[in-house]
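Asks: Predicted model and sequence follow; I will ask about them next.
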Amino acid sequence: MIQRDLFKAAVAEGVGTFALIFIGVLAVSAVAAVRAPAGLANLASIGFAHGLTILVMVAALGAVSGAHFNPAITLGFVVARRMDVLTGAIYWLAQLVGASLAAFVLLPVIGPGLVAAGTPDLGRGVDFWAGVIVEAVATFFLVLVVFGTAVDERAPKSIFPIAIGLTIALDIMAIAPLTGSAVNPARAFGPALASGHWANQLVYWIGPLLGGVVAALLENYFFIERRPSIPRERGGPTPEEERRAA
């Protein structure tokens, strides 16, 4: 039963990440693909396309997998001991496969050049470490919101899909001109694999993973009052042991 549930969770992670990359790349590149007026796509429309995709996918699939769709969020759950390493690795694999499939599906639709254009990259004059810092801070905000709204038991549960989606939107509107605003290694990896545009790829791994870990540790060990352990079926303590430890 546990294995079946984990498989369902992995499929959900793949589907949600597929949606993010499919919609995200199109939001950036579809206007150019059909030579429509350039004003149809702007920073706000791109930000809200990503944010609304996350909002609806979190609402639809959160009950199945927790709706991470982002290796930085998954790593945060692992370091906070809310997910074991094996499950985290399976989530990562599902996310990267989903992201890659979306980008490859788009190749015959808009072509490799526009998939490459939809791949996050540093803006002119932005150096490697500046990009890492910006991506780390933006991902810190995202993971902080995930833990503060979806994990903290005191938060109203009806709000977390909206809060997470809006955080993605505001991150993109703030930093996309600087880094393309991946705040998610899968958002950079999938389109890069399909298009061959690997420029500055490490920025989108180092920055988001670092920011996600810091936010998860801060939330889990400082802001959240009760810290659950890894579920018992994956080697954690029993509820009675948790009560004694408290």
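Replies: Good, I have the coordinates. Note that the structure is predicted; figures quoted are calculated from it, not measured.
Asks: number of nearby residues for residue 225?
Replies: Neighbourhood size, residue 225 [other C-beta atoms under 10 Å]: 8. The way it works is simple: take the backbone N, C-alpha and C, and place the C-beta from them, glycine included.
Asks: Could you check how far it is from residue 79?
Replies: Remark: distance between residue 225 and residue 79 (C-beta to C-beta, to the nearest Å) = 19 Å.
Asks: Can you name every helix or strand that the longest helix anywhere in the chain contacts?
Replies: Determined from DSSP state H, the single longest helix within the chain is helix 2-33. In terms of contacts (3 or more C-beta pairs under 8 Å, 6 or more residues apart in numbering; DSSP states H and E), helix 2-33 is packed against helix 43-65, helix 85-110, helix 112-117, helix 185-195.
Asks: so which of those helices comes closest to residue 141?
Replies: Of all these, helix 43-65 sits nearest to residue 141, with 12.8 Å by C-beta to C-beta.
Asks: ok and the helix or strand hosting residue 208 relative to helix 185-195, angle-wise?
Replies: In the assignment (DSSP states H and E), residue 208 maps to helix 203-218. For helix 203-218 against helix 185-195, the angle by axes from the mean of the first three to the mean of the last three C-alpha atoms, to 10 degrees is 160 degrees.
Asks: so what does helix 203-218 touch, helix or strand wise?
Replies: helix 71-79, helix 128-146, helix 160-179, helix 185-195.
Asks: Now those helices in CSV, please, with extra columns for distance to residue 112.
Replies: Formatted as CSV, the helices and strands packed on helix 203-218 follow (distance: least, C-beta to C-beta, whole Å):
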stretch, distance to residue 112
helix 71-79, 24
helix 128-146, 23
helix 160-179, 21
helix 185-195, 5
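Asks: And those helices: which comes nearest residue 32?
Replies: Here helix 185-195 is closest among these (C-beta to C-beta), at 14.0 Å.
Asks: I'd like the mean pLDDT over that closest one, please.
Replies: In this model, helix 185-195 has a mean pLDDT of 98.
Asks: Report all helices and strands that it contacts.
Replies: Using 3+ C-beta pairs under 8 Å, 6+ apart: helix 185-195 touches helix 2-33, helix 71-79, helix 85-110, helix 112-117, helix 203-218.
Asks: One more pass at 6 Å, please.
Replies: helix 2-33, helix 85-110, helix 112-117, helix 203-218 (3 or more C-beta pairs under 6 Å, 6 or more residues apart in numbering; DSSP states H and E).
Asks: Of the ones you listed, which stretch is the most buried?
Replies: helix 203-218 (a mean of 23; mean count of other C-beta atoms under 10 Å).
Asks: and the angle for that helix with helix 128-146?
Replies: Using the same axes, to 10 degrees, helix 203-218 lies at 40 degrees relative to helix 128-146.
Asks: and helix 203-218 with helix 71-79, angle?
Replies: Going by the same axes, to 10 degrees, helix 203-218 makes 40 degrees with helix 71-79.
Asks: What lies in contact with helix 203-218?
Replies: Contacting residues not belonging to helix 203-218 are listed as 72, 75-76, 79-80, 120, 131-132, 135-136, 139-140, 143-144, 182-183, 185, 188 [C-beta atoms under 6 Å, 6 or more residues apart in numbering].
Asks: so what's the residue nearest the centre of the chain scoring on pLDDT?
Replies: What sits nearest the mean C-alpha location of the chain, by C-alpha atoms, centre = their mean, is residue 70, with 2.8 Å. Note on residue 70: pLDDT of 98.
Asks: In this structure it contacts residue 185, no?
Replies: No - counting by C-beta atoms under 6 Å, no contact exists between residue 70 and residue 185, whose distance comes to 7.6 Å.
Asks: residue contacts, the nearest residue to residue 174 once chain neighbours are set aside?
Replies: The shortest distance from residue 174 to any non-neighbouring residue, by C-beta to C-beta, 6 or more residues apart in numbering, is to residue 138 (7.0 Å). Each residue near residue 138 by C-beta under 6 Å, 6+ apart is listed here: 171, 175, 183.
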